[in-house]
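Enquirer: sequence first, then the predicted structure, then my questions.
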There are 2 protein chains.
Amino acid sequence: MTHLESLDTFFTEKRNDHLDQLKDFLRIPSISALSDHKADMQKAAEWLKDSFEKAGLENVSIEPTDGHPVVYGDWMHAEGKPTLLIYGHYDVQPVDPLHLWESGPFEPEVRDNKLYARGASDDKGQVFMHVKAVEALMHENGGQLPINVKFIIEGEEEVGSPNLEKYIEENKEKLAADIIVISDTGMYGPGKPAICYGLRGLAGVQIDVRGAKSDLHSGIYGGGVQNPIHAISEILASFHDQEGTIAVDGFYEDVRPLAEEEREAYAALNFDEAALKEEIGVPELFGEKGYSYLERTWTRPTLEVNGVFGGFSGEGIKTVLPSEAGAKITCRLVPDQDPEDIVAKLKAHIEKHKPAGVTVEVSEFDKGKPFITPFDHPAIQAAGRSYEKVYNVPTAYTRMGGSIPIVAAFDEILGLPVVLMGFGLSSENFHAPNEHFHLENFDKGLRVIGDYYYELAELPVDELKK
Amino acid sequence: MTHLESLDTFFTEKRNDHLDQLKDFLRIPSISALSDHKADMQKAAEWLKDSFEKAGLENVSIEPTDGHPVVYGDWMHAEGKPTLLIYGHYDVQPVDPLHLWESGPFEPEVRDNKLYARGASDDKGQVFMHVKAVEALMHENGGQLPINVKFIIEGEEEVGSPNLEKYIEENKEKLAADIIVISDTGMYGPGKPAICYGLRGLAGVQIDVRGAKSDLHSGIYGGGVQNPIHAISEILASFHDQEGTIAVDGFYEDVRPLAEEEREAYAALNFDEAALKEEIGVPELFGEKGYSYLERTWTRPTLEVNGVFGGFSGEGIKTVLPSEAGAKITCRLVPDQDPEDIVAKLKAHIEKHKPAGVTVEVSEFDKGKPFITPFDHPAIQAAGRSYEKVYNVPTAYTRMGGSIPIVAAFDEILGLPVVLMGFGLSSENFHAPNEHFHLENFDKGLRVIGDYYYELAELPVDELKK
């Protein structure tokens, strides 16, 4: 029996049990952005700690940070074999607008072989798969693993990992490893495995515009004073030209030009723009001229307004001239843009476009550097092989539009190659209502991960250096 | 004892009692815009009906409409004397943002001789004063009044009076009168009585912009599709130039030029722009070039965004690319702009400025025509005299920036002169948190209204024709 056959037997037998366990994990509303979910964050961390212990990991602990804790566990008895650091997160995004969910975000439900719940795909489901892979290999090898593993699962990824960098700095020795694997990215498409070798970075600001000290009657005062909503609209409209190109001075200055071979590789993927348009339901795709959809979302920076607010948004009409308005903005950054530099440029732009008659305040959100890694690294190629064995198709080497801010930190502080091994699908509504996870990829992913641990055991440690 | 002396004795004696009654009225959260306050609307109408009956009015009834009911009452036994129709409203504005109220919006509280509550000034307090004036005159004249009165107090003024016009049309005979008086406007300033002879009209639309059918992850999709917040910001920013002039084609086309004598009269009021700036707490006043603050707010049209919404506005950051965004807009109109024409121009403008990659839907709010009346009409001059007797200063003849949409309807359907006799102050936060009513004007206003009823009794009915 091959490793893969034995993994298959194990995961087939345990499937219902595993799904029940994952549902328990998903029932915990661990929303890191909202302070009234603090107790749920602790509960999720404890659930994970228990699952580590049951899987056979050692030195399991919930490690405090200045924010939500990190859950750590390891197994370090495979002498002379590579050490794999596994990173993921147990926190999830907020769930509004709640009325658009077909089943409760924290009431996991399987429909049509998809598991619906906030975090099903991003990232509780994928973290859970690594824990179960360890459990399977322990079972198969009489309580032993073919490699050394260290788990570090944090609770603040969805709010920009404000405390993890410090944690890594302070625990450099403890976290020492040969490779890092992160399962928080997506497949190229249904049945099409992909290894992502580049991620966009993140920088963001909140803009708060204030006019009068109190809301005013729009009849009495209208026309006499600046309206903060007019002011924020002017600022927001100034960020792009009508074709979607960002109009902030110097914004594109440090963008590394796209290599011709990357353009060709992406073109060869035959991405179906028409199908995407249909799938997400937009009248047309839209963005910077001169770049394909994949190029725009993988390799070009963005400036997106994530929220705008001001005045009355309830039912009916309220003839108010509001005292304040604001917006939340994030930029996705690509090599070699620097988040600090971009925030400085945003601030200069806002200052330059500040309308008369109001005050404008800009506050910064957390930042993450863009990341790129060579795709011919042996640990990445080994991952590609494991995918191919389970999915029976070639693995695509891609980049991704999202940000895992901590990837750059791992890269910088620990100096290790990062393998992004994802099982999500872009249609799975991460960060939106009705988030779900295709169980086909849950099932196959468990086998890929298990096999990958065996593949890594075959690699000489000194060939893994970056 | 003059009428005024006798009114003074009556109102001094009853003051605490009257304040307690008004507080009861203000405790009813009669917010017409919010459908879950329907029962409160009925409760407020019943409260008013009781107060009419106690004051000695006859034929008192709560009259159903397609929306919230009208409360009617009359006293018609002063043969050969003028008939005064008194219009007001018992509905109030929504109260959000609630956290900015120093005491509950529906827990009336007197602080520093000001009565704080939603509706204290706009318009429950002023409606109450007319009821109490009737009561006082009944008391003084052995159950008789010197004039005939009809009260028509509606419950939908704050949502644009969608059903009152039909009610007036259907009750033309019942509402027949010689003059209409409305106390829903303001004084020129503390201690400075004013009769308002012009009001701005109202037209408004809601703009809903839709992109993808569901919220998207701003990393995965950012740069690939249009962001509805970018689209609404572009549309909103296109409505004005940077100096505050409205950029909608033909918007100013039908605006009646300001007469030189009006400009002079307003200039003579020596309006203190610096004091206003201080009072409302803005860094500077702002608006259309070439017009003073009073000219802008009394005689020039506006386009104000009353609310904007889209994406995430909670605590922290959510990296979402929202599926929809929108805004609520109202225009204040001046003679001779037509609300229907303005809405058509707004729609054409929005269509012309519609960004790519989204769909845009425009829905209309209720409309009101602008209104102007000759200020030398005897009923207006009589009101001026009553003010002067109580306040001991000359009455100013002004216009106002606000809209009472129904004034134009009264004007058109009943063809009667409208007297706008207000006791509010512009600093009283109507439509905003901490609405209040200066009790000095409550006290003086009761006496002005009582005296005015006597003044009207002296006017020959046939001189009141418009």
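Expert: Alright, I've got the coordinates. Numbering: from 1, shown residues only, chains lettered A, B, ... in the order given.
Enquirer: contact residues of the stretch 101-250 of chain A facing chain B?
Expert: A:159-160, A:186, A:200, A:202, A:204, A:211-227, A:229-230, A:232-234, A:236-240, A:242, A:244 (CB under 8 Å from any CB of the partner chain). Yep, even glycine has a C-beta here, placed from its N, CA and C like the rest.
Enquirer: among those, which ones are in strands?
Expert: Of the positions in these, A:L202, A:G204, A:L216, A:H217 sit in strands, assigned by DSSP state E.
Enquirer: from B:P29, how far off is the last one?
Expert: What that stands for is A:H217. 19 Å (CB to CB, to the nearest Å).
Enquirer: which strands and helices sit next to the lengthiest helix in chain A?
Expert: Longest helix in chain A, counting residues (DSSP state H): helix A:3-26. Where contact means 3 or more CB pairs under 8 Å, 6 or more residues apart in numbering or on different chains; DSSP states H and E, helix A:3-26 is packed against helix A:38-55, strand A:114-116, helix A:124-140, helix A:439-457.
Enquirer: now with 7 Å?
Expert: Secondary-structure packing of helix A:3-26 (3 or more CB pairs under 7 Å, 6 or more residues apart in numbering or on different chains; DSSP states H and E): helix A:124-140, helix A:439-457.
Enquirer: dump these into TSV; add mean neighbour count and mean pLDDT as well.
Expert: Putting the helices and strands packed on helix A:3-26 into TSV (neighbours: other CB atoms under 10 Å in any protein chain shown; pLDDT from 0 to 100) gives the following:
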stretch	mean neighbour count	mean pLDDT
helix A:124-140	24	97
helix A:439-457	24	97
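Enquirer: so which of those comes closest to B:L420?
Expert: helix A:124-140 (63.0 Å; CB to CB).
Enquirer: show me what the next helix or strand after that closest one is in contact with.
Expert: Counting by DSSP states H and E, the next helix or strand C-terminal to helix A:124-140 is strand A:148-154. Residues from elsewhere that reach strand A:148-154 (CB atoms under 7 Å, 6 or more residues apart in numbering or on different chains): A:48, A:52, A:57, A:70-76, A:78, A:81, A:83-90, A:127, A:134, A:161, A:164, A:175, A:177.
Enquirer: the residue lying closest to A:H37 once chain neighbours are set aside - how many residues pack around it?
Expert: For A:H37, ignoring the flanking residues on the chain, the nearest one in space by CB to CB, 6 or more residues apart in numbering or on different chains is A:I31 at 4.5 Å. Counted with other CB atoms under 10 Å in any protein chain shown, residues neighbouring A:I31 total 26.
Enquirer: now do A:E53
Expert: By other CB under 10 Å, the burial measure for A:E53, its neighbour count, is 12.
Enquirer: for whatever helix or strand A:H349 lives in, output the C-alpha coordinates as PDB.
Expert: Secondary structure assigned from DSSP H and E places A:H349 in helix A:339-352. Output of helix A:339-352 as PDB, limited to C-alpha atoms (Å, rounded to 0.1, in the frame of the first residue of the first chain):
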ATOM      1  CA  PRO A 339       3.600  50.200   2.300                       C
ATOM      2  CA  GLU A 340       5.100  53.100   4.300                       C
ATOM      3  CA  ASP A 341       5.900  54.900   1.100                       C
ATOM      4  CA  ILE A 342       2.400  54.300  -0.300                       C
ATOM      5  CA  VAL A 343       0.700  55.600   2.900                       C
ATOM      6  CA  ALA A 344       2.900  58.800   2.700                       C
ATOM      7  CA  LYS A 345       1.800  59.200  -0.900                       C
ATOM      8  CA  LEU A 346      -1.900  58.700   0.000                       C
ATOM      9  CA  LYS A 347      -1.600  61.300   2.700                       C
ATOM     10  CA  ALA A 348       0.000  63.800   0.400                       C
ATOM     11  CA  HIS A 349      -2.800  63.200  -2.200                       C
ATOM     12  CA  ILE A 350      -5.500  63.700   0.400                       C
ATOM     13  CA  GLU A 351      -3.900  66.900   1.700                       C
ATOM     14  CA  LYS A 352      -3.600  68.200  -1.900                       C
END
